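Asker: based on what follows, work out the 3D shape:
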Amino acid sequence: MENSGDKRIVDTDIERCDLTFIHKDIVKKVNDEMPEEEILYDLAEFYKVFGDTTRIKILYILLKSEMCVCDISQVLGVSQSAVSHQLRMLKQMKLVKYRREGKSVFYSLSDHHIELILRQGLEHISE
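Answerer: Numbers count the residues shown, from 1 in each chain. Take a look at the predicted model:
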């Protein structure tokens with residue numbers, strides 16, 4: 001359906017209530033259990049990290065094996081500088097950790113939660 005000359009399409013498949021009635025007990029329960037604004041902001045920032053294909057690739061690589069920047073760079077076919085930049089962001093969000101071995105620094109996923117998030121995401125989009 002066009003809207004006065006606009007080329008926008010209106011989605012008519014969204015189901016809505018036929019009357020306005022507020023279910024106060026449900027609304028109160030949800031409001032009482034709603035996390036604080038700062039926590040929701042942090043959660044949104046956490047998920048923004050997953051919005052970049054290169055970062056997702058790095059996380060997937062680290063899901064398979066601990067690796068150094070040189071190896072990640074080789075797998076991705078991008079510069080070590082680009083990999084380091086993305087790893088810095090992943091470190092800030094506590095998604096990856098590192099360990100030093102001599103002159104090499106090896107990266108891995110910070111914990112099993114990140115592995116679960118990746119695996120569940122892959123499973124979800126594969127359905």
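
Asker: going forward, measure contacts and count neighbours with C-alpha atoms only.
Answerer: Noted.

Asker: can you pull the buried residues of the lengthiest helix in the chain?
Answerer: In the chain, ranked by residue count with DSSP state H as the criterion, the top helix is helix 112-126. Counting neighbours by 16 or more other Cα atoms under 10 Å, one finds that the buried residues in helix 112-126 are Ile114, Glu115, Leu118.

Asker: who are the contact partners of Phe46?
Answerer: The contact partners of Phe46, taken as Cα atoms under 8 Å, 6 or more residues apart in numbering, are Met93.

Asker: point out where the chain drops to low pLDDT.
Answerer: Along the chain, the model assigns pLDDT under 70 to residues 1-12.

Asker: picking up where we left off before, show residues contacting the longest helix of the chain.
Answerer: For helix 112-126, contacts defined as Cα under 8 Å, 6+ apart pick out Leu59, Tyr60, Leu63, Leu95, Leu109.

Asker: my guess is the first one meets Tyr107, correct?
Answerer: What it means is Leu59. No: Leu59 lies out of contact with Tyr107 (Cα atoms under 8 Å); the separation is 9.9 Å.

Asker: output the buried residues of helix 112-126 as CSV; include the columns distance to Glu45.
Answerer: Shown next, in CSV, are those (distance: Cα to Cα, whole Å):
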residue, distance to Glu45
Ile114, 15
Glu115, 18
Leu118, 17
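
Asker: where along this protein do the strands fall?
Answerer: Along the chain, counting by DSSP state E, strands occupy 67-68, 96-101, 104-109.

Asker: out of those strands, which gets nearest to Asp52?
Answerer: strand 96-101 (15.3 Å; Cα to Cα).

Asker: now distance to His23 and mean neighbour count too, for the strands of the chain, in CSV please.
Answerer: Output for those, formatted as CSV (distance: least, Cα to Cα, whole Å; neighbours: other Cα atoms under 10 Å):
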stretch, distance to His23, mean neighbour count
strand 67-68, 52, 19
strand 96-101, 43, 14
strand 104-109, 43, 18
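
Asker: now these as TSV including distance to Val49?
Answerer: As requested, these are exported to TSV (distance: least, Cα to Cα, whole Å):
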stretch	distance to Val49
strand 67-68	20
strand 96-101	12
strand 104-109	14
